[in-house]
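Asker: got a structure for you, letters missing:
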C-alpha cells in the first residue's frame with residue numbers, strides 16, 4: 001500500500017463527493033463549499049455583457065430665486081441627457097417663470113415650430129429625445145437647443 005499525502009486524499013475526496021451525492025439523491029454542494037483547487041473559475045452560462053449605462057433624462061434639475069442687480073431673478077439648472085448640467089438666469093422670480101422640456105409636437109401646437117428657421121429646427125430635432133428646454137416668463141419665452149459648438153443658445157419664441 002502506498003502512502004498518500006493529505007493533498008492526495010483531499011483531491012480524491014473532492015472528486016468523489018459529487019458522485020457520492022448523486023448516488024444518495026442529494027444535490028451537489030455549492031462551489032463555495034468546495035476546496036479552492038476544485039472550484040471552477042469559469043463564469044456561469046447565464047452571465048451576459050453589462051448593458052449600457054443609464055443616462056439621466058433631459059430635465060429641469062432645480063430653480064432657485066436670487067437677486068441680480070438688485071432685482072429678483074431665477075437661477076435655472078437643467079441638463080440634457082448625455083450632457084453636463086447648465087445654468088441660465090431669468091430676470092424674474094421663479095414663481096413667475098414656467099420651465100419644462102417640450103417636444104416638437106408641443107412646439108407645433110403653439111405655432112413655435114413654424115417660426116423656427118431650418119437651422120434651429122435641425123438642432124431642436126437633434127436633442128436627446130427631441131425635447132428642448134422651454135422657459136416662459138411674464139413678457140417673453142425662449143427655447144434653448146444645443147448648437148454646433150456644443151453649447152446651448154437662446155431662441156426667443158414669444159414677445
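Answerer: Yep, it's here. Everything numeric here is computed off the predicted structure, so don't read it as measured data.
Asker: What count of nearby residues applies to residue 90?
Answerer: By the criterion of other C-beta atoms under 10 Å, residue 90 has 20 neighbours. Bear in mind the C-beta positions are built from the backbone N, C-alpha and C, glycine included.
Asker: Now for the residue nearest to residue 147 when sequence neighbours are not counted: which residues touch it?
Answerer: Leaving out its chain neighbours, the residue that sits closest to residue 147 by C-beta to C-beta, 6 or more residues apart in numbering is residue 153, at 4.9 Å. Residues near residue 153 by C-beta atoms under 8 Å, 6 or more residues apart in numbering: 144-145, 147.
Asker: cool, and residue 72?
Answerer: Applying C-beta under 8 Å, 6+ apart, the residues contacting residue 72 are 65-66, 92-93.
Asker: Could you identify the most distant pair in those?
Answerer: 66 and 92 (11.6 Å; C-beta to C-beta).
Asker: Neighbour count: the two, which is higher?
Answerer: Using other C-beta under 10 Å as the criterion, residue 66 and residue 92 rank with residue 92 on top: 19 against 11.
Asker: That one: which element?
Answerer: Counting by DSSP states H and E, there is no helix or strand that carries residue 92.
Asker: ok, it to residue 122 distance?
Answerer: Separation of residue 92 from residue 122 (C-beta to C-beta, to the nearest Å): 30 Å.
Asker: hmm, back to that, check the contact lists of residue 66 and residue 92 and give me the overlap.
Answerer: With C-beta under 8 Å, 6+ apart as the test, residue 66 and residue 92 both reach 72-74.
Asker: Out of those, the closest to residue 129 would be?
Answerer: Using C-beta to C-beta, the shared contacts of residue 66 and residue 92 come closest to residue 129 at residue 74, 24.0 Å.
Asker: residue contacts, the closest one?
Answerer: Applying C-beta under 8 Å, 6+ apart, the residues contacting residue 74 are 63-66, 89-90, 92-94, 96-97.
Asker: Restricted to buried residues, select the residues you listed in PyMOL.
Answerer: The buried subset of the contacts of residue 74, as determined by 16 or more other C-beta atoms under 10 Å, is captured in PyMOL by this line:
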select buried, resi 63+90+92+93+94+97
